[in-house]
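Peer 1: Sequence plus predicted model, see below.
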Amino acid sequence: MASFSRQRGFTYLLVLFFLAVVTAGLAAVGELWSTSRQQERERELLFAGNAIRQAIGAYYLATPGPVKQYPAGLENLLKDPRFPDTRRYLRRVYPDPVADSPEWALIKAPQGGIMGIASASERAPLKRAGFLAPNQAFEEQAVRLKDKLRYRDWEFIYEPIMRRTSDQGAGISAP
């Protein structure tokens, strides 16, 4: 009878050990899945932010007349109210993938309108390097802000490129 109770105790320990190993494995898989999901959301944020920045630039450049203007809101990128015909710069306003919200933090232009967007999320990004051309400033922010970097710091701003005119030599004009 004593050997039977010892065998049950040994089996019980094996089951507990097996459950601990399975739990640790599931925790590791969960962590891996969470990291993968955050990286996917970062890619979505970079895509949406760049698309909206390009749309703001197209809206700005399409302004009739010499005085350029930024859109009053993101809905103006869906249908430009300045023209009688339908002009679209975006098919839809992408939601903020990191904050899980349809709303963005809008960056106001000094002369009115919005010149850019940013995520409303205060979470720290995983990506710190390897950004492509329009977003290379994000790498400088990662170095400068270190552990204080947030998705909110990734600002997708359209700034017109100032160029020299051949007639004026050193004169500067907007495109």
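Peer 2: Sure, I can see it. Numbers count the residues shown, from 1 in each chain.
Peer 1: Please make it C-alpha for all contacts and neighbour counts, starting now.
Peer 2: Noted.
Peer 1: Am I right that residue 139 sits in a helix?
Peer 2: Yes: if the criterion is DSSP: H, G, I helix; E, B strand; the rest coil, then residue 139 is within a helix.
Peer 1: could we number from 418 for the rest of this?
Peer 2: Shifting the count to begin at 418 puts that one at residue 556.
Peer 1: is it true that it touches residue 548?
Peer 2: Yes: in this structure, residue 556 is within contact of residue 548 by Cα atoms under 8 Å, at 6.9 Å.
Peer 1: which one of the two has more residues nearby?
Peer 2: residue 556 (17 against 13; other Cα atoms under 10 Å).
Peer 1: Need the pLDDT of the more buried one.
Peer 2: Residue 556 carries a pLDDT value of 90.
Peer 1: From residue 430, how far off is it?
Peer 2: Between residue 556 and residue 430 the distance is 51 Å, computed by Cα to Cα, to the nearest Å.
Peer 1: Distance of the nearest residue to residue 567 once chain neighbours are set aside relative to residue 448?
Peer 2: Leaving aside its sequence neighbours, residue 567 sits nearest to residue 541 (Cα to Cα, 6 or more residues apart in numbering; 4.4 Å). Distance, residue 541 to residue 448, by Cα to Cα: 16 Å.
Peer 1: With residue 488 instead?
Peer 2: In terms of Cα to Cα, residue 488 sits 41 Å off from residue 448.
Peer 1: any idea how far the helix or strand hosting residue 446 is from the chain center?
Peer 2: Using DSSP states H and E, the element containing residue 446 is helix 419-478. Helix 419-478 has its C-alpha centroid displaced from the chain centroid by 21 Å (Cα atoms, centre = their mean, to the nearest Å).
Peer 1: ok, the residue nearest to residue 567 - contacts?
Peer 2: By Cα atoms under 8 Å, 6 or more residues apart in numbering, the contact list for residue 541 reads 564, 565, 566, 567, 568.
Peer 1: need the contact list for the most centrally placed residue in the chain.
Peer 2: Among the residues of the chain, residue 462 comes closest to the average C-alpha position under Cα atoms, centre = their mean, at 2.7 Å. Residue 462 is in contact with 513, 514, 515, 536, counting by Cα under 8 Å, 6+ apart.
Peer 1: And those, which is closest to residue 453?
Peer 2: residue 515 (13.0 Å; Cα to Cα).
Peer 1: Against residue 529, how distant is that closest one?
Peer 2: 27 Å.
Peer 1: Among the two, which residue is more densely surrounded?
Peer 2: The residue with more neighbours, out of residue 515 and residue 529, is residue 515; 22 against 11, by other Cα under 10 Å.
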